[in-house]
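K.L.:
Show me the folded form of this:
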Amino acid sequence: MRYEFATAVRIIVGPGSSAELPELAAQIGSRAMLVHGQRALERGGPVAALIQQFDRHGLAVGTFTVDGEPRLAMVEMGAEQARALVCDMIIGIGGGSVLDAAKAIAGLAANHGGVLDYLEVVGAGKPLEQPALPIIAVPTTAGTGSEVTRNAVIAAPEQHVKASMRHASLLPRLALVDSTLTHDLPPEVTASTGMDALTQLLEAYVSRRAQPLTDGLCVEGLARAARALPRAYHQPGDAVAREEMSTASLFSGLALANAGLGAVHGIAAPLGGAFPVPHGVACAALLPHVTAINIRALQRSDPDGPALARYARAADILLGRSGSPDALLSDLVAHVRSLVAELGIPPLRSFGVTTADVPELAAKAMHASSTRGNPVTLEQAEFEEAISAAL
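P.N.:
Residues are numbered from 1 along each chain as shown. As a prediction, the model looks like this:
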């Protein structure tokens, strides 16, 4: 078996580690653009406090605000600003949308042309001609793992889809994973981002591209998410649960970047491009139904294959008990459905998705890049069944 494992050049994990950002950034460059969310610079907040430290380390820093998910025009505006400031690095501090925007800006700022020249699916999909500017990623949610992935997901509103800019140089030079930055997340964000991490761990574990290195990350990440996600949701001030979820999210990013994903993310891509569904909500709403359909299809087409055994092992981890494979597989679907309800995840119809939209979403999902990692090939009718069940 041949496989490759690629990740950020340096990863530092631990409560309070973000305080090291100014000193570490000064070792990489001298002119940075800080990409952040709308509330990041509020007085007294951790990001505002960090900015005050940059001057002391000889760093000139400009700022760029990300309002929502990264879009084509936003990324091009950020890249133009980075070039005008003659930046030699991009620092992203925020959730997955902010980190994706930072990576895309870093890639485009070092190259000619627009985003569509390099965007997959709806663009030309060309590789970057020049390496991206060095990237530092500091996540403030526990969900996407974008701090250790080589792609940036960008919304193309006119095409009603989300697609990726992908290149090895988009892997951050430095990832700082500080769980204290997640302590103030509201419950609904804790729930949706946490379910994104859990979905990524499960899909990477059963992926066609699963490998020994990612297997270990998925097993450990699933165990952490199983015990920490409900606690972080119900007890936001639980520092241990927050740290566990930050680690689970990191592991999910490491795993998906090297093992791929599956049909849940394959559906989530066109769904998020056409409707205002937060990515984590889409994944959570779809996960029990796609899991059930995958298991049923595997029992029919590959009952003795490795994927069913992996689903049973994941059930063992998430449920915290052993049992017969058939019982574990059945209980896995019930457990995920129960967890989605416990975390208050809204159905897709809450965002305007109707039965009339299902066939087109299913058709696009069948050809999504994430779907290629699904452990079994699904028919369009099965995609439609999963989406309909999540309405």
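K.L.:
low pLDDT regions in the stretch 1-150 of the chain?
P.N.:
42-45 (pLDDT under 70).
K.L.:
what about the helices in it?
P.N.:
For the stretch 1-150 of the chain, helices defined by DSSP state H, counting those that start in this stretch occupy the ranges 21-26, 46-54, 72-84, 96-109.
K.L.:
now those in a markdown table, with mean neighbour count and distance to A155?
P.N.:
(C-beta placed from N, C-alpha, C; glycine too.) Shown next, in a markdown table, are these (neighbours: other Cβ atoms under 10 Å; distance: least, Cβ to Cβ, whole Å):
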| stretch | mean neighbour count | distance to A155 |
| --- | --- | --- |
| helix 21-26 | 20 | 28 |
| helix 46-54 | 17 | 24 |
| helix 72-84 | 19 | 8 |
| helix 96-109 | 30 | 9 |
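K.L.:
Name the nearest residue to the residue nearest to the spatial centre of the chain, ignoring sequence neighbours.
P.N.:
The centre of the chain sits closest to T144, judged by Cα atoms, centre = their mean, with a distance of 2.5 Å. Nearest non-adjacent residue to T144, counting by Cβ to Cβ, 6 or more residues apart in numbering: G96, 3.1 Å away.
K.L.:
Over to G194?
P.N.:
Residue nearest to G194 in three dimensions, not counting chain neighbours: L229, with 4.4 Å by Cβ to Cβ, 6+ apart.
K.L.:
Now do the host helix or strand of S338: which elements does it pack against?
P.N.:
Under the criterion of DSSP states H and E, S338 resides in helix 325-342. Other elements packing on helix 325-342 under the criterion 3 or more Cβ pairs under 8 Å, 6 or more residues apart in numbering; DSSP states H and E are helix 212-234, helix 279-301, helix 306-319.
K.L.:
Go again with 10 Å.
P.N.:
Identification of packing neighbours for helix 325-342 by 3 or more Cβ pairs under 10 Å, 6 or more residues apart in numbering; DSSP states H and E yields helix 187-206, helix 212-234, helix 279-301, helix 306-319.
K.L.:
in that helix, what counts as buried?
P.N.:
By 16 or more other Cβ atoms under 10 Å, the buried positions in helix 325-342 come out as 328-329, 331-333, 335-337, 339-340.
K.L.:
repeat for stretch 137-152
P.N.:
Buried residues in stretch 137-152, defined by neighbour count with 16+ other Cβ under 10 Å: 137-152.
K.L.:
Which residue of this structure lies farthest from its centroid?
P.N.:
Most remote from the centre of the chain, using Cα atoms, centre = their mean: R56, at 33.2 Å.
K.L.:
Contact partners for that residue?
P.N.:
22-23, 26 (Cβ atoms under 10 Å, 6 or more residues apart in numbering).
K.L.:
rerun that using 8 Å as the cut-off
P.N.:
By Cβ atoms under 8 Å, 6 or more residues apart in numbering, R56 lies in contact with P22.
K.L.:
how close does it sit to E23?
P.N.:
R56 sits 9 Å away from E23, taking Cβ to Cβ, to the nearest Å as the criterion.
K.L.:
Please apply the same query to L256.
P.N.:
Per Cβ to Cβ, L256 is found 30 Å from E23.
K.L.:
List just the nearest of the buried residues of stretch 137-152 to T247.
P.N.:
Distance to T247 across these (Cβ to Cβ) is lowest for A142, with 8.4 Å.
K.L.:
how close does the residue nearest to the centre of the chain get to G280?
P.N.:
Distance from T144 to G280, by Cβ to Cβ: 8 Å.
K.L.:
quick revisit: export the helix or strand just after the helix holding S338 as PDB, just CAs?
P.N.:
Tracing the chain past helix 325-342, the next element assigned as helix or strand by DSSP H and E is helix 358-366. Output of helix 358-366 as PDB, limited to C-alpha atoms (Å, rounded to 0.1, in the frame of the first residue of the first chain):
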ATOM      1  CA  VAL A 358     -33.700  17.300  -4.300                       C
ATOM      2  CA  PRO A 359     -33.100  15.900  -7.700                       C
ATOM      3  CA  GLU A 360     -30.700  18.700  -8.800                       C
ATOM      4  CA  LEU A 361     -28.800  18.600  -5.500                       C
ATOM      5  CA  ALA A 362     -28.500  14.800  -5.800                       C
ATOM      6  CA  ALA A 363     -27.200  15.000  -9.400                       C
ATOM      7  CA  LYS A 364     -24.500  17.600  -8.400                       C
ATOM      8  CA  ALA A 365     -23.500  15.600  -5.300                       C
ATOM      9  CA  MET A 366     -22.900  12.500  -7.400                       C
END
